[in-house]
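Participant: Sequence first, then the predicted structure, then my questions.
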Amino acid sequence: MVLVLVFMAVVLGGQALFGLFMGAREHGQRVNRRLTLMASGMAPDQVYQTLLRKTRASWIGRTPYGALHDRATLYCRQAGLSAGPLQVVGFTAAVAGGLWLAAMVFLRSSPISTPFPQVMMAAVGAAGLSGAVALMWITNRRASRLRRLEEQLPLALDVMVRALRAGHPVISAVNLVTQEMSDPIGSEFGLVMDETTYGGEFKDALASLARRTGSADVAFFSVSIAIQNETGGNLAEILAGLATVIRGRASLNKRIQALSSEGRMSALILSLLPILCVSAVSIFHPEFYTSKFSDPAFWPVVGGVVVLYLIGQLMIRRIVQFKY
């Protein structure tokens, strides 16, 4: 009897600890970054600036590359990075410098007749390899964040529908999403609330949300709200129908991703393998290429290979990407 009671006590204690752990985990998942920053004592305008990563006018904005810098900043933000494009470029350059120094140590162990071309080729290979890896990492991170946001959007619409049917105005329904949903959609809807609080139009804040996230589903949501504001109608029913449509699109997308997984993986390997091989050979055996620089057929062949590679990339993207 004592053993049975001990066993029951252990089971109940373990269940209680598991419940506390899961409760803390769920609470951590509900709290998004915006609420965390606000709870830390940061002012609302500072939270807004931090999440949007708006910087003051700098020398880049006054150059012809200002528009490119803005696009790169938006791309990094869509990937969920706290760093801007200049920080990413700096970190990539530091990694490339480390690879180049490793290549220099490797090259010193073998005799080189003409060191300057080999050194420059190793630098080009290190920069190409580091840049390709950084770009692939940021692209995958952006796609993952966008996929997570589109998975959360139907749940956010359900929250808004229930709030609207309970009699709350639409701005209160959006505020409820900011308090109940985790990142990324919790903070993104929170920015909509902040823009509206600071005097912006609600439909303009939603248009900014669609442009900021780069999601087609969020654009549908923004357009639906804008049309309802102009023409009227039952917003709860509109959002409920939109949630059904988004879930159907997500289901179709998962089927397409499953059916095309082999082709997409083959496309990824075919795209990355030439870059990785050429970069690795350029770093550790640059004389393989520099010894052919004097050949008159070398550079035309290199140009032709690059053109064929770019054409192949366009064809692969057309094959593995589907519009629906």
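Facilitator: Yep, that arrived. Numbers count the residues shown, from 1 in each chain.

Participant: So which elements touch the strand or helix carrying residue 68?
Facilitator: Taking DSSP states H and E as the definition, residue 68 sits inside helix 66-78. With contacts defined as 3 or more CB pairs under 8 Å, 6 or more residues apart in numbering; DSSP states H and E, helix 66-78 has these neighbours: helix 85-108, helix 115-165, helix 202-213. Backbone N, C-alpha and C define where each C-beta goes, glycine included.

Participant: Could you rerun that using 10 Å?
Facilitator: On a contact count with 3 or more CB pairs under 10 Å, 6 or more residues apart in numbering; DSSP states H and E, helix 66-78 meets helix 44-52, helix 85-108, helix 115-165, helix 202-213.

Participant: what's the offset of that helix from the middle of its chain?
Facilitator: The chain centroid and the centroid of helix 66-78 are separated by 12 Å under CA atoms, centre = their mean, to the nearest Å.

Participant: low-scoring stretches of the stretch 201-324 of the chain, by residue?
Facilitator: Along the stretch 201-324 of the chain, segments meeting pLDDT under 70 span 323-324.

Participant: got the CA coordinates for whichever helix or strand residue 38 is part of in CSV?
Facilitator: Under the criterion of DSSP H and E, residue 38 resides in helix 33-39. Extracted in CSV, the C-alpha atoms of helix 33-39 (Å, rounded to 0.1, in the frame of the first residue of the first chain):
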residue,chain,number,x,y,z
ARG,A,33,8.2,40.7,-29.1
ARG,A,34,6.2,43.9,-29.1
LEU,A,35,4.6,43.0,-25.7
THR,A,36,7.9,42.0,-24.3
LEU,A,37,9.5,45.3,-25.2
MET,A,38,6.5,47.2,-23.8
ALA,A,39,6.7,45.1,-20.6
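
Participant: Contacts only, for the spatially most central residue of the chain.
Facilitator: Per CA atoms, centre = their mean, the C-alpha nearest to the average position across the chain is that of residue 142, at 1.5 Å. Residues near residue 142 by CB atoms under 10 Å, 6 or more residues apart in numbering: 75-81, 214.

Participant: at 8 Å what do you get?
Facilitator: 75, 78-80 (CB atoms under 8 Å, 6 or more residues apart in numbering).

Participant: which pair in those residues spans the largest distance?
Facilitator: 75 and 80 (11.0 Å; CB to CB).

Participant: Closest to residue 200 out of the contacts of residue 142?
Facilitator: The closest of the contacts of residue 142, once distances to residue 200 are taken by CB to CB, is residue 78, at 20.8 Å.

Participant: Pull the distance from stretch 235-245 to the chain's centre.
Facilitator: Centroid separation for stretch 235-245 versus its chain: 27 Å, with CA atoms, centre = their mean.

Participant: Could I get the CA-only coordinates of that stretch as PDB?
Facilitator: Provided in PDB are the C-alpha atoms of stretch 235-245 (Å, rounded to 0.1, in the frame of the first residue of the first chain):
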ATOM      1  CA  LEU A 235     -17.300  42.500 -41.700                       C
ATOM      2  CA  ALA A 236     -17.400  39.300 -39.500                       C
ATOM      3  CA  GLU A 237     -18.900  37.300 -42.400                       C
ATOM      4  CA  ILE A 238     -16.300  38.700 -44.800                       C
ATOM      5  CA  LEU A 239     -13.400  37.800 -42.500                       C
ATOM      6  CA  ALA A 240     -14.900  34.300 -41.900                       C
ATOM      7  CA  GLY A 241     -15.100  33.700 -45.600                       C
ATOM      8  CA  LEU A 242     -11.500  35.100 -46.100                       C
ATOM      9  CA  ALA A 243     -10.200  32.700 -43.400                       C
ATOM     10  CA  THR A 244     -11.900  29.800 -45.200                       C
ATOM     11  CA  VAL A 245     -10.300  30.900 -48.500                       C
END
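
Participant: buried set for it?
Facilitator: Using 16 or more other CB atoms under 10 Å as the test for burial, stretch 235-245 gives 235-236, 238-240, 242-243.
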